[in-house]
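Provided below are the primary sequence and the corresponding predicted coordinates.
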Amino acid sequence: MSPSPSSLLALLPSVVLGQSGPESLVSRVRVEGGVDVYYAANANRPRDGAHFTPGAGTTAVRDRAFSLNLASLGMSLDPAPVGFRVFLGIGTAMEVVHAAEPVGTALGPEVWRLLQQASLFYMRGPLSLEAGVYPSHIGLESFQSQRNWSYTRSWMGELSPYYQTGLKGTWTFSDTWSAQLHLLNGWQTIGENNRGKAVGTQVAYAGERLSASFNTFVGEEGTGDDAGWRLFADGVATWRVTEAFSLAATADVATQRRRARPTAFWSAAGLNARVQLARAVAVAARAELFDDRDGVISGTAQRLVEGTATLELTPAEPLVLKLEARHDRSTANVFGSFRTSAEGTPLPVPTQTLVVAGATASF
């Protein structure tokens, strides 16, 4: 006997929401959010009031002003087997991170300026799928400041994707090993600016004390004469030496073919350390070298060296305070300053020194 239309309608909620019904659905929904504010002072006193270089500065980009770096609000549904996550944000970080979005019909920074993440999940056994706009698989640092050891981010973080758009498949082999395959629009872009797609991969190990991943990105990137195939590899390792002391190391290497010029190359390496001095007190340090000898990723042929020291205080959960000193040096004049030429044109300089006070709270 065939089921009646009324019986099929009665089954619909259990198919969409799961066998346990709407009550289970509500219990799986979580509301998340956070606020990240800062005050930063640059010894250069840049005339335009901006730190770092164009396209960078997803933390502490404004000089000598109390600023909102990021205020986030989102909702997620734990997959069982289907779920989702939507996260919106405002602040200087959102303006910077979307600045390179391609411009066109229904495209551009203004279209996506509030969006951090919007993705659907499907999980079944060792396989999980995610589709939409979601955090990048590349690098050590998160777009959300409270998840990082330092307040400001490394050049390796700023010059690689924080988010990506496409489809991700993850296969979990065991409690410690997993692998990912990504089909993407491109390098930190929601809108598509060419007809090709990019591929990303990850192989990751997550042990009790050691975690490591090897990440890749292959796709056609760039515009004009700089357009061509980009091959990028990234390695990340974190070692919890003791309960209080942790180390993290990162390394990048990349090439990009160009139509009218030789293939471009860049590489980078960084070392991070963190010590938990007491329940509410920690210190961190970071040293980094970024070599963009052809200027294809930073916009200027240069070698960047950066050092950062951070004091972290947690007076009450979930409030985290960070006081940070940072020095950047380039082989080119790329940082803003107070100096001007005789004609009044701003003169960039090869160094900048920042002192930053940041406060974050999340729920």
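Everything's here; your move. Numbers count the residues shown, from 1 in each chain.

list of residues touching stretch 50-66?
Residues from elsewhere that reach stretch 50-66, judged by Cβ atoms under 8 Å, 6 or more residues apart in numbering: 36-42, 45-46, 49, 67, 69, 92-93, 96-97, 99-100, 143, 145, 151-153, 155, 157-159, 162, 298-300, 328, 334-336, 352, 354, 356, 358. Using the backbone N, CA and C atoms, a C-beta is placed for each residue, glycine as well.

filter those residues to the buried ones?
36-42, 46, 67, 69, 92-93, 96-97, 143, 145, 151-153, 155, 157-159, 162, 298, 300, 328, 334-336, 352, 354, 356, 358 (16 or more other Cβ atoms under 10 Å).

among these, name the ones in helices.
Among the buried ones among the contacts of stretch 50-66, DSSP state H puts 92-93, 96-97, 155, 157-158 in helices.

any idea where the helices of the protein begin and end?
Applying DSSP H to the chain gives helices spanning 5-17, 21-28, 92-97, 109-112, 155-158.

determine which of those helices shows the lowest mean per-residue pLDDT.
In terms of average pLDDT, helix 5-17 trails the rest of the helices of the chain, at a mean of 46.

touching, Gly186 and Val218? I think so.
No. Gly186 sits out of contact with Val218 when judged by Cβ atoms under 8 Å, with a separation of 11.1 Å.

okay, the two: which has more neighbours?
Gly186 (23 against 16; other Cβ atoms under 10 Å).

what residues are up against the more buried one?
Contacts of Gly186 (Cβ under 8 Å, 6+ apart): 165, 192-194, 197-198, 219-221.

quick one: which of those residues has the most company?
Glu221 (24 neighbours).

wait, isn't that residue in contact with Phe232?
No. In this structure Glu221 lies outside contact range of Phe232 using Cβ under 8 Å: 9.1 Å.

check which residues of stretch 316-326 are buried.
Across stretch 316-326, burial judged by 16+ other Cβ under 10 Å covers 320-322, 324, 326.

typed the wrong thing, it's stretch 117-137
Buried, per 16+ other Cβ under 10 Å, within stretch 117-137: 117-121, 123, 128-137.

for the chain, give me the ranges with low pLDDT.
For the chain, the stretches with pLDDT under 70 are 1-23.

switch the cut-off to 80
Within the chain, the segments meeting pLDDT under 80 span 1-26, 193-195, 222-226, 342-344.

how far away is the residue sitting nearest the centre point of the chain from Ala264?
Nearest to the geometric centre of the chain sits Tyr162, at 2.7 Å (Cα atoms, centre = their mean). Counting by Cβ to Cβ, to the nearest Å, the gap from Tyr162 to Ala264 is 22 Å.

now Arg28
Taking Cβ to Cβ, one finds Arg28 at 46 Å from Ala264.

the two: which is more packed in?
With neighbours defined as other Cβ under 10 Å, Arg28 and Ala264 compare such that Ala264 has more, 21 against 15.

in contact with the more buried one, which residues?
Counting by Cβ under 8 Å, 6+ apart, Ala264 has contacts 226, 255-256, 258, 294-297.

and stretch 341-357, what's buried?
In stretch 341-357, counting by 16+ other Cβ under 10 Å, buried: 348, 352, 354, 356-357.

from what I see, Thr331 and Ser298 are in contact.
No. Thr331 is beyond contact range of Ser298, at 11.3 Å (criterion: Cβ under 8 Å).

hang on, the earlier thing: find residues that contact each of Gly186 and Val218.
Ala198.

how many other residues sit next to Asp294?
Count around Asp294 with other Cβ under 10 Å applied: 20.

wait, Ala204 touches Asp234, no?
No. With contacts counted by Cβ under 8 Å, Ala204 stays clear of Asp234, the gap being 11.8 Å.

any idea how far Asp36 lies from Phe173?
Distance, Asp36 to Phe173, by Cβ to Cβ: 36 Å.

same question, Arg329
Separation of Arg329 from Phe173 (Cβ to Cβ) stands at 43 Å.
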